[in-house]
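Q: Generate a structure from the sequence data that follows.
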Amino acid sequence: MIRGIGRDIRNTAKDAARKEGVGVGAWVRRSIIRALNATADEPATLAELSEHVRILGARLSVLENLHRTLHQEVHAADGPADLSTAKKRMRWRHTRKSK
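A: A predicted model of the protein is given here:
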């Protein structure tokens, strides 16, 4: 199931898959690979590059937020009421290897 795809496009994809004798998932996968290969040799447009930069920026933002949250959890003040944070901090301590 692909959300956000209209019924007419879904039906067209199903018909095309039937004509090729494959399932819809396989047909979609092949179509995407064909489209990517077709555009791989073409120079990227400014709009495509901007979209890639936007996606990378969003991924970086998610990573920064995760890092910030983890950093706060690890470095939170120890206290008897906050045993879960103390346990989490223990995971990050280096341990000696036994001989």
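
Q: drop to CA atoms for contacts and neighbour counts, all remaining ones
A: Noted.

Q: Break this structure into its domains for me.
A: 1-42, 44-93 (automatic domain parsing).

Q: Could I get those domains in a markdown table, plus columns for mean pLDDT and mean neighbour count?
A: Listed next are these as a markdown table, based on pLDDT from 0 to 100; neighbours: other Cα atoms under 10 Å:
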| stretch | mean pLDDT | mean neighbour count |
| --- | --- | --- |
| domain 1-42 | 81 | 12 |
| domain 44-93 | 74 | 12 |
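
Q: Tell me which residue is most central in this structure.
A: The centre of the chain sits closest to residue 59, judged by Cα atoms, centre = their mean, with a distance of 7.9 Å.

Q: Now name the helix or strand holding that one.
A: Assigned by DSSP states H and E, residue 59 falls within helix 46-74.

Q: Quick one: list the elements packing against that helix.
A: Helices and strands touching helix 46-74, by 3 or more Cα pairs under 8 Å, 6 or more residues apart in numbering; DSSP states H and E, are helix 83-92.

Q: where does residue 42 fall, helix, sheet strand or coil?
A: coil (DSSP: H, G, I helix; E, B strand; the rest coil).

Q: Over to residue 3?
A: coil.

Q: Name all residues that make contact with the residue nearest to the centre of the chain.
A: Residue 59 is in contact with no residue at all, counting by Cα atoms under 8 Å, 6 or more residues apart in numbering.

Q: at 10 Å instead, please
A: residue 53 (Cα atoms under 10 Å, 6 or more residues apart in numbering).

Q: Residue 22 now?
A: Residue 22 touches 14, 16, 28, counting by Cα under 10 Å, 6+ apart.

Q: Next: residue 15.
A: Contacts of residue 15 (Cα under 10 Å, 6+ apart): 9, 21, 24.

Q: would you list those residues in CSV and tack on secondary structure?
A: Formatted as CSV, these follow (three-state DSSP):
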residue, secondary structure
9, helix
21, coil
24, helix
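
Q: Just name the closest of those residues to residue 47, please.
A: residue 9 (24.7 Å; Cα to Cα).
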